[in-house]
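Enquirer: how would this look folded up:
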Amino acid sequence: SDLFINDYTARSKAFKAFCDLIGLPKSYSIRNPKIKNKPLITTRTIARLDPLIDFQEFVKNRVIQKITQNKGRALVVMPTGSGKNRTTTQAFIEAISEGQIDQNGIVWIAETVELCQQATETIVKVAERISPIQLKIWQYWGGNDCEFTVEEDDEFIEGIVVCGKAQVHSRYDNHDLIATTILENASIILIDEAHRNLRFIHNLDTMLKSKNLDTALVGISATPFRRLTSEDSMISDIFPEYPITPIGDGDISNLELEEAMVIEGILARRVNKTISDLAISPKGPDVQSQMGITVEIIQKLISDEGCESILVFTPDVKWGRLCNIILSLKNPNLNSEYIHGGTSGLVRKLVIDDFRSKDCQVLFNCEILTTGFDAPRIDAVVIARPNMDPNDPLFRQMVGRGLRGPKFDSMVKPDCIIVHQKW
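Expert: Numbers count the residues shown, from 1 in each chain. You can find the predicted model right below:
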């Protein structure tokens, strides 16, 4: 009678029981006919990996200490450009390779498609160079699913799972069987951009504790900065010990951390300039006048400051599109582009690849490239957001796009000019 009573939905326990009842493979209960991207990657050893430098080695070893503890908690704080994903990834891949942790039950959660792709690429790169065994990496975002492995009636997901935050969150809340298995059977959960996802991490931590699970939890962030006192309290509840940073564990301010990284050449030195520093006369607050200022800033950065790779954050999509047109008309030999939320994935990739190779000198965007984007040779960032607080984490992320230092690439300049256009 249950056969007719239950409301069967894909990936539910009821549908799985139905498949068992009539002899269908378990994989049928989670099959998604709309999958567009390859859900599973299997690694193979192909080449040697460049060694970590001293500060990365220190962070890696501290992370390994935490993830090999039951209920371990760690907040890793490494500035943009210092290799936080590579370092954290190498920690758990090395631990797998040395038999300290199992290869199954490792979950990486990221907020955007770009961050999920970046994490997957990093895991594959590191695994294919230092892991002596093949590893499975599931891409659990964009509608993708994972498949169960069954051994002696024990069902689990074999391999590492990279999750989109929105997908795993919504599916878990809807009691999805795969999402439930991913989170509740995890041995280690790593959350990228931790300071942007504090509420999510808090709820996850609460769930793990309520079920008395031994899962280790690692937050990864480019900045220790918090806007609200309540966020400080939330962080200390989840991660009771001091953050792990490249210059040691302790209550280290963002300025101290950045200065130490600049001295090491890991970060570029930030050089703040105003429009008056660039000899640009102020204009009225109307949109047309301020668009003209944006274009003039870029021209001055190129002609007077010698900048060759400029990233521009605009207040809206129209601003970026029109400024790109104006700049192109005034400078026909200059290659510039703009991207927005509606830009297709293929076009976005081509434009970003051109910008990274410096075939494109100026790239306009509206909050698209704040995270999950790395172009090491940026030497100027223009932020045309007049009401934005420079202490806002989003502002700091925008600035961070240009702060990759010369330690990893001799072609990277030691300084990066930051212009906050206000009106």
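
Enquirer: Other residues contacting stretch 126-134?
Expert: Contact with stretch 126-134 is made by 42-49, 86, 89-90, 93-94, 96-97, 103, 135, 137, as judged by Cβ atoms under 8 Å, 6 or more residues apart in numbering. (C-beta placed from N, C-alpha, C; glycine too.)

Enquirer: Just the ones of those in strands?
Expert: Within these, residues falling in strands by DSSP state E are Thr42, Ile137.

Enquirer: Now go through the contacts of stretch 126-134 and say which are in helices.
Expert: Arg86, Thr89, Gln90, Ile93, Glu94, Ile96, Ser97 (DSSP state H).

Enquirer: what residue ranges in this structure score low on pLDDT?
Expert: 1-12, 15-16, 19, 23-37, 223-232, 249-251, 254, 372 (pLDDT under 70).

Enquirer: what's the residue closest to the geometric middle of it?
Expert: With distances taken as Cα atoms, centre = their mean, Leu115 lies nearest the centre of the chain, 3.7 Å away.

Enquirer: Let me know the distance separating that residue from Asp409.
Expert: 22 Å (Cβ to Cβ, to the nearest Å).

Enquirer: what's the answer for Lys136, then?
Expert: 32 Å.

Enquirer: Which parts of the host helix or strand of the residue nearest to the centre of the chain count as buried, going by neighbours?
Expert: Element membership for Leu115, per DSSP states H and E: helix 113-130. Under the neighbour-count criterion of 16 or more other Cβ atoms under 10 Å, helix 113-130 has 114-120, 122-129 buried.

Enquirer: residue ranges for the strands of the stretch 101-250 of the chain, please.
Expert: All strands of the stretch 101-250 of the chain, identified by DSSP state E, counting those that start in this stretch, fall at 106-110, 136-140, 149-151, 154-156, 160-164, 188-191, 216-221, 244-245, 248-249.

Enquirer: what about the first one, distance to the chain center?
Expert: Pointing back at strand 106-110 there. Distance of strand 106-110 from the chain centroid (Cα atoms, centre = their mean, to the nearest Å) equals 11 Å.

Enquirer: Could you list the buried residues of that strand?
Expert: So, applying 16+ other Cβ under 10 Å, buried residues of strand 106-110: Ile106, Val107, Trp108, Ile109, Ala110.

Enquirer: so the fourth one touches Ile191, yeah?
Expert: Yes: contact between Ile109 and Ile191 holds when scored by Cβ atoms under 8 Å: they sit 4.9 Å apart.
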